[in-house]
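A.B. asks: I would like to see how this sequence folds:
(one chain, ligands or ions: 1)
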Amino acid sequence: MTAYMDHKDLANEVIDQARAQEIADGVHKVLDGIAQAEAAAGREAGSVKLLAATKTRDVGEIMAAIDAGIHMIGENRPQEIVVKAPGLTRLLAERGIALGVGGDDAVAADGAAVTDHIPFHLIGQLQSNKIGKVLPVVNTIESVDSIELAEKIARRATMHGMTVGVLLEVNESGEESKSGCAPSHAIDLAKRIGAMGGLELQGLMTIGAHVDDERVIRAGFAHLRRTRDQILASGAEGTANCKELSMGMTQDMAYAIEEGSTIVRVGTAIFGARAFI
Ligand SMILES: *Cc1c(COP(=O)(O)O)cnc(C)c1O
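C.D. replies: Numbering: from 1, shown residues only. Model prediction:
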């Protein structure tokens, strides 16, 4: 168990009104920022999806974000998914909303059909011994960066008779601290992953360069986009749905949107600074 989880009860469901308001304000501010960046880039309104990065946030905080307009969430650690998913699933069912993989055959608390669905993504590194923990919950694993990991996920998914979405994570900045495959391998890996049963290759993901130079950050995002376009143009088996570009966080969201992002992953600008990392 990770140490920070001893300091905060992530299954907590009750937060005070002031905190809920703070989170709602954060959601609205980020949604406004996305709309502005879409307009500035000449992109269609609503073409960029907002994923709330919910690591270190408890169930009550996440529900406040959803009630304020969040439609997609992402967690970094399988342990956090395990702790939060039951509470989130129950509270969402009360609102007629299904969570993650539960969306396929979910029924609301009062027996009515669910009317909405919150996709659940894994955005952090996945060790192969944790695949079984996340598969029953998450729709998409954004952090697939090797054939070995893809094969293990594919094997598990096939065993369960399911198909899980994957994004290929690419280390565009080349920073050693970051996971992700080398940009030069991305197209080859994408084609091989696309051909695997049990997986649906839905796109590419990257974390922006940790530098101040706007041009460097943008160049990484632009390269990811060109890579995605080349994969789509290849016509290779299983690559026709490789459309998503998950790129952009609190600091570099506007650049990412101008470079073609379809999913921005935002934590700090919604929930405030993290007390734990
Ligand atoms: C934490 C995290 C984010 C969100 O970061 P913020 O800077 O808090 O917006 C996005 N993507 C990944 C993979 C993360 O781990």
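A.B. asks: Within range of the ligand, give me the residues from the stretch 51-200 of the chain.
C.D. replies: 53, 55, 76, 123-124 (C-beta under 6 Å from any ligand atom). For the C-beta atoms, the positions are set from N, CA and C on the backbone; glycine is no exception.
A.B. asks: Now for residue 169: which residues touch it?
C.D. replies: Residues in contact with residue 169 (C-beta atoms under 8 Å, 6 or more residues apart in numbering) are 142-145, 179-181, 204-206.
A.B. asks: Ok, residue 269 next?
C.D. replies: So residue 269 contacts 26, 29-30, 33, 250, 253 (C-beta under 8 Å, 6+ apart).
A.B. asks: could you say what helices and strands the helix or strand of the chain with the lowest mean pLDDT packs with?
C.D. replies: Here the helix or strand of the chain ranked lowest by mean pLDDT, DSSP states H and E is strand 116-118, holding a mean of 94. With contacts taken as 3 or more C-beta pairs under 8 Å, 6 or more residues apart in numbering; DSSP states H and E, strand 116-118 sits against strand 97-99.
A.B. asks: Can you spell out which helices and strands pack onto the strand it packs on?
C.D. replies: Secondary elements touching strand 97-99 (3+ C-beta pairs under 8 Å, 6+ apart): helix 78-94, strand 116-118.
A.B. asks: Next, the buried residues of the least confident helix or strand of the chain.
C.D. replies: Judged by neighbour count using 16 or more other C-beta atoms under 10 Å, the buried positions of strand 116-118 are 117-118.
A.B. asks: What mean pLDDT does the following helix or strand past it get?
C.D. replies: Moving toward the C-terminus from strand 116-118, the next helix or strand (DSSP states H and E) is strand 120-122. What strand 120-122 shows for mean pLDDT is 98.
A.B. asks: try stretch 228-241
C.D. replies: Rounded mean pLDDT across stretch 228-241 is 98.
A.B. asks: if we can go back for a sec, separate out the buried members of the contacts of residue 269.
C.D. replies: 26, 30, 33, 250, 253.
A.B. asks: Which single one of the residues you listed is nearest to the ligand?
C.D. replies: The ligand lies nearest to residue 250 out of the buried ones among the contacts of residue 269, by C-beta to the nearest ligand atom, at 3.3 Å.
A.B. asks: The closest one and residue 128: what is the separation?
C.D. replies: Between residue 250 and residue 128 the distance is 30 Å, computed by C-beta to C-beta, to the nearest Å.
A.B. asks: sorry, back to before: which residues are contacting the least confident helix or strand of the chain?
C.D. replies: 66, 70-73, 92, 95-100, 103, 106.
A.B. asks: Would you pull up how far it lies from the middle of the chain?
C.D. replies: 15 Å (C-alpha atoms, centre = their mean, to the nearest Å).
A.B. asks: Pull up the pairing partners for that strand, direction included.
C.D. replies: With DSSP bridges as the test, strand 116-118 is paired with strand 97-99 (parallel).
A.B. asks: pLDDT (mean, whole number) over the partner strand?
C.D. replies: 96.
A.B. asks: May I see the buried residues of that strand?
C.D. replies: 97-99.
A.B. asks: Looking at these, spot the one nearest the ligand.
C.D. replies: residue 99 (19.4 Å).
A.B. asks: what about that closest one, distance to residue 273?
C.D. replies: 26 Å.
A.B. asks: Repeat that for residue 42.
C.D. replies: Counting by C-beta to C-beta, the gap from residue 42 to residue 273 is 33 Å.
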